[in-house]
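K.L.:
with the sequence up front, the predicted model follows.
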Amino acid sequence: MQLSDADKKLVALLKRRQQQLIRWRWVGFLGAISTLGTGIYAFLVLEHFLRQPDPPAVLAVACLVPAVYVLFGIGAGLMVYLFLCWNGKPEVSLLLRLVEESQNDDA
């Protein structure tokens, strides 16, 4: 199988993206852990303010509740994405392997 120049560029682009995804997965994992940790800390601060019925505590609760939900949502979403794509996209890996095998067979 002969690949055109455009196909070769596309294969090179897919290889680079796959390698970058695998390389940056640890950064994403640390980001997800820190986001979840920040959400847990905000939840503990929120729990502290729930025990005090004065107006500043009510304002702090009103500001922290959305932050806790957003931090947990982002952290959980990033963890799920990283879990699903830890080794890169399987269809791209299969395509790259098939291209390599077809080029090795032609040579």
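P.N.:
Yep, it's here.
K.L.:
in terms of helices and strands, where is the residue nearest in space to the middle of the chain?
P.N.:
In the chain, the residue lying closest to the centroid (C-alpha atoms, centre = their mean) is Leu78, at 3.9 Å. In this structure, Leu78 sits in helix 55-84 according to DSSP states H and E.
K.L.:
what's the local residue count around the closest residue to Gln2 other than its chain neighbours?
P.N.:
In space, and not counting its chain neighbours, Gln2 is closest to Asp106: 7.6 Å by C-beta to C-beta, 6 or more residues apart in numbering. Bear in mind the C-beta positions are built from the backbone N, C-alpha and C, glycine included. When neighbours are defined as other C-beta atoms under 10 Å, Asp106 has 9 of them.
K.L.:
quickly note the distance from Asp106 to Val99.
P.N.:
Going from Asp106 to Val99 by C-beta to C-beta, to the nearest Å gives 11 Å.
K.L.:
same question for Thr38.
P.N.:
Distance from Thr38 to Val99, by C-beta to C-beta: 42 Å.
K.L.:
go on, Ala12?
P.N.:
Taken as C-beta to C-beta, the span from Ala12 to Val99 is 10 Å.
K.L.:
mind checking which of the two has more residues around it?
P.N.:
Higher neighbour count among Ala12 and Val99: Val99, with 18 against 10, using other C-beta under 10 Å.
K.L.:
what's the strand or helix carrying Glu47 packed up against?
P.N.:
Glu47 belongs to helix 5-50 when elements are defined using DSSP H and E. With contacts taken as 3 or more C-beta pairs under 8 Å, 6 or more residues apart in numbering; DSSP states H and E, helix 5-50 sits against helix 55-84, helix 90-106.
K.L.:
now the helix holding Leu78: mean pLDDT?
P.N.:
Mean pLDDT, helix 55-84: 88.
K.L.:
buried residues in it, which are they?
P.N.:
For helix 55-84, burial by neighbour count (16 or more other C-beta atoms under 10 Å) applies to 60-61, 64, 68, 71-72, 74-75, 78-79, 82.
K.L.:
ok, now stretch 3-17?
P.N.:
Quick answer for stretch 3-17 (16+ other C-beta under 10 Å): 11, 14.
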